[in-house]
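> okay, sequence plus prediction incoming.
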Amino acid sequence: MILYNTLGNKKGEFIPHTEGKVNMYTCGPTVYHYAHIGNLRTYIMEDVLEKYLRYAGYDVKRVMNITDVGHLSSDADTGEDKMLAGAKREHKSVLEIADFYTKAFFEDCKKLNIKTPDVIEPATQCIPEFIQMVDTLLKKGYAYEAGGNVYFDTSKLDEYYVFGNQNQDDLEVGVREDVSEDENKRNKTDFVLWFTKSKFDDQELKWESPWGYGYPGWHIECSAISIKHNGEYLDLHCGGVDNAFPHHTNEIAQSEAYLGHKWCSNWFHVTHLLDARGKMSKSKGGFLTVSLLEEKGYNPLVYRMFCLQSHYRKPLTFSFENLDNTATAYNKLLKKVSALSPQGEPSTEEAKPFIDTFKKNMDNDLNTSLGITSIYDVLKAKISDSTKLYLINDFDKVLGLDLVNQAKEMAEKAKSSIDTAKVEELIKKRTEARAKKDWATADIIRDELNAMNIVIKDTPDGITWSVK
């Protein structure tokens, strides 16, 4: 399998540390608000990647954190904790906010057919691991105390900008103009491992530590949670492209300083979802959620297909016109699937070339657009309906569009609005007319059924019918 690796900024063969096994980590949500559909594009593409790795035969262990403390509103280690901001907004406790929005996030994932990770770990459950990691970094000389906080000292590294496409100018862009510089830092790129002093004193969640009563920085949690559950060697770390710097850069710095060796070999970053205002984000207000799409009448799986039609490394522009086009394509696809009448067993000989093509496309840096094309190719092919249905189910293990079940539901819903007794009676009369070789009457009845949007199929086992 060939994947683009942000660490090196090029495509290369994906080779895990242990043959046949993949330790995978995905940055989870900061649960202070609903996830917007831009956030969820990343989780959809990570889900496809995990499912394809399993499809390809790997034993995958996927770990995800839940950020319920320590994520400040600025990547410059200043501003307000997002969890506290959410609590103030809704007049609830931080833990109440975390519980509500964690559940909301996984409800959205379920609607989008995103598999639940093998391990889900809230940051607030790993305080001892954070303290132990910070303590080790201090003892090894990679961290220092200043102003009551503990900082990682980036000057101790041979290389800090490990992704090769960041520099001092990028750092300046990443720091908000409305926050002051932290005077405790020895170097501009240093970052907080543990807070005891900050811009605000009303932080709700704090714990005892060797450095005072406080709470962890955002970056430390992903490193510690991944090492706790995936061990010292991580094969694949995923996230949005905006996490690459400084969050993932800082993860690499502290993890490799702590472990004393290379930590993660492959980095998978998904590019932004754009709307008319540019990158979709909560800070702009009026962001779109899965629930809002549902209120407007969209099946969440239409949004999943919308994301899969574009490559994960390309910016994707959202508009309701574009989503409408995808909804039309998805519904047409369901109708074609619902019209299949499988008879007998699928043919492995017929299926093999289609499976080979699907794997070839997905092996090439997860080309989901061509993955969807594989389904259309199957539907157009001169192979049995049984084989077509087998292949659609097989590819859907990866694409996650739930085509067969959704097609069945669509057909049942359409049938429920049809006068079934009348249809059955007309089919019976047509059968009798054909038996008498009264082709004119049989054609008239077929036309009448067609006017009712009824499609009939003559098969060796009898007549089947469906709604257009």
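Received it, and whenever you're ready, just let me know what you need.
> pLDDT score assigned to T116?
pLDDT for T116: 98.
> pretty sure it sits against F105.
No: when contacts are counted by CB atoms under 8 Å, T116 is not listed as touching F105 (10.8 Å). C-beta: built from backbone N, CA, C; applies to glycine.
> between those two, which has more neighbouring residues?
Between T116 and F105, F105 has the larger neighbour count (other CB atoms under 10 Å), namely 23 against 12.
> and the next helix or strand past the helix or strand of the chain with the lowest mean pLDDT?
In the chain, the helix or strand scored least confidently by mean pLDDT, DSSP states H and E is helix 168-174, which has a mean of 40. Under the assignment DSSP states H and E, the closest C-terminal helix or strand after helix 168-174 is strand 191-195.
> so what touches the following helix or strand past that following strand?
Following strand 191-195 in sequence order, the next helix or strand is strand 215-216 (DSSP H and E). Residues outside strand 215-216 that contact it (CB atoms under 8 Å, 6 or more residues apart in numbering): 69-70, 81, 123, 127, 130, 134, 193-195, 203, 205-207.
> next SSE downstream of strand 215-216?
helix 218-230.
> pairing partners for the helix or strand that that next one is followed by, with directions?
Once the chain leaves helix 218-230, the next helix or strand it forms, by DSSP H and E, is strand 236-240. Using DSSP bridges, strand 236-240 pairs in its sheet with strand 21-26 (parallel), strand 267-270 (parallel).
> quick one: mean pLDDT for the one helix or strand D447 maps to?
Using DSSP H and E, D447 sits within helix 439-451. Model confidence over helix 439-451 averages 86 on the pLDDT scale.
> which helices and strands sit right next to it?
helix 420-435 (3 or more CB pairs under 8 Å, 6 or more residues apart in numbering; DSSP states H and E).
> kindly recompute the last result at 10 Å.
helix 420-435, strand 454-459 (3 or more CB pairs under 10 Å, 6 or more residues apart in numbering; DSSP states H and E).
> quick check, nearest of the contacts of strand 215-216 to G371?
G371 has its nearest neighbour among the contacts of strand 215-216 in A123, at 34.3 Å by CB to CB.
> thought the closest one was touching H219?
No: with contact defined as CB atoms under 10 Å, A123 does not reach H219; the gap is 11.1 Å.
> among the strands paired with strand 236-240, which is nearest K92?
Comparing those against K92 with CB to CB, the closest turns out to be strand 21-26 (27.0 Å).
> distance from the chain centre to the closest one, please.
Put simply, strand 21-26 sits 14 Å off its chain's centre (CA atoms, centre = their mean, to the nearest Å).
> residue ranges with poor pLDDT in the stretch 151-300 of the chain?
Across the stretch 151-300 of the chain, the ranges flagged by pLDDT under 70 are 165-181, 198-202, 282-286.
> go with 80
Confidence mapping of the stretch 151-300 of the chain against pLDDT under 80 gives the ranges 164-181, 197-203, 276-286.
> check which element follows the host helix or strand of T387 along the chain.
For T387, the element it lies in under DSSP H and E is helix 385-399. Once helix 385-399 ends, the next helix or strand along the chain (criterion: DSSP H and E) is helix 403-416.
> that older thread, quick one: which of A123 and H219 has more around it?
Set side by side, A123 and H219 show more neighbours around A123, with 29 against 26, by other CB under 10 Å.
> wait, what's in contact with the closest residue to that one other than its chain neighbours?
In this structure, A123 finds its nearest non-sequential neighbour in E221, 4.3 Å apart by CB to CB, 6 or more residues apart in numbering. By CB atoms under 10 Å, 6 or more residues apart in numbering, E221 lies in contact with 27-28, 65-71, 121-124, 126-127, 129-130, 133, 251.
> right, so of the strands paired with strand 236-240, which gets closest to Y4?
strand 267-270 (7.7 Å).
> now the next helix or strand after the closest one, how far from the chain's geometric center?
Sequence order places strand 273-275 as the next helix or strand after strand 267-270, per DSSP H and E. Chain-centre distance of strand 273-275: 16 Å, with CA atoms, centre = their mean.
> which residue sits closest to L323, ignoring its sequence neighbours?
Per CB to CB, 6+ apart, closest to L323 is F306, 5.8 Å.
> that neighbour against T328, yeah?
No: using CB under 10 Å, F306 makes no contact with T328, being 11.5 Å away.
> the more surrounded of those two?
F306 (23 against 11).
> the inter-axis angle of whichever helix or strand the more buried one is part of versus helix 385-399?
Per DSSP H and E: F306 is located in helix 300-308. Helix 300-308 runs at 80 degrees relative to helix 385-399, counting by axes from the mean of the first three to the mean of the last three CA atoms, to 10 degrees.
> send the alpha carbons of helix 300-308 over as PDB?
Provided in PDB are the C-alpha atoms of helix 300-308 (Å, rounded to 0.1, in the frame of the first residue of the first chain):
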ATOM      1  CA  PRO A 300     -25.800  11.900   6.600                       C
ATOM      2  CA  LEU A 301     -24.400   9.200   4.300                       C
ATOM      3  CA  VAL A 302     -24.800  11.600   1.400                       C
ATOM      4  CA  TYR A 303     -22.300  13.800   3.200                       C
ATOM      5  CA  ARG A 304     -20.000  10.800   3.600                       C
ATOM      6  CA  MET A 305     -20.200  10.100  -0.200                       C
ATOM      7  CA  PHE A 306     -19.600  13.800  -0.800                       C
ATOM      8  CA  CYS A 307     -16.300  13.500   1.100                       C
ATOM      9  CA  LEU A 308     -15.300  10.300  -0.600                       C
END
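> name the helices or strands packed onto it?
Counting contacts by 3+ CB pairs under 10 Å, 6+ apart, helix 300-308 is packed against helix 37-55, helix 94-111, helix 290-295, helix 320-338, helix 368-380, helix 385-399, helix 403-416.
> by how many degrees do that helix and helix 403-416 diverge?
Using the same axes, to 10 degrees: helix 300-308 against helix 403-416 is 140 degrees.
> helix 300-308 relative to helix 94-111, how many degrees between them?
Counting by the same axes, to 10 degrees, helix 300-308 lies at 80 degrees to helix 94-111.
> so after helix 300-308, what's the next helix or strand?
The helix or strand immediately downstream of helix 300-308 is strand 316-317, counting by DSSP H and E.
> what comes into contact with that next one?
For strand 316-317, contacts defined as CB under 10 Å, 6+ apart pick out 38, 41, 270-276, 278, 280, 306-307, 309-310, 322.
> repeat for stretch 121-128
Outside of stretch 121-128, the residues within contact range by CB under 10 Å, 6+ apart are 28, 30-31, 63-71, 83, 94-95, 98-99, 102, 129-130, 132-133, 205-209, 215-216, 218, 220-222, 224-226, 228-229.
> cool, stretch 6-14 as well?
Outside stretch 6-14, the residues touching it (CB under 10 Å, 6+ apart) are 1-5, 22, 49, 53, 56, 58, 162-165, 235-237, 239, 241, 244, 248, 252, 262, 264-269, 313, 363-365.
> counting neighbours, show which residues of it come out buried.
T6, L7, F14 (16 or more other CB atoms under 10 Å).
> now do stretch 6-24, average pLDDT.
For stretch 6-24, mean pLDDT rounds to 96.
> and the closest residue to T373 other than its chain neighbours, what are its phi and psi?
Excluding the flanking residues, the one nearest T373 by CB to CB, 6+ apart is N361, at 7.6 Å. The phi/psi pair for N361 (degrees, to the nearest 10) reads phi -70, psi -40.
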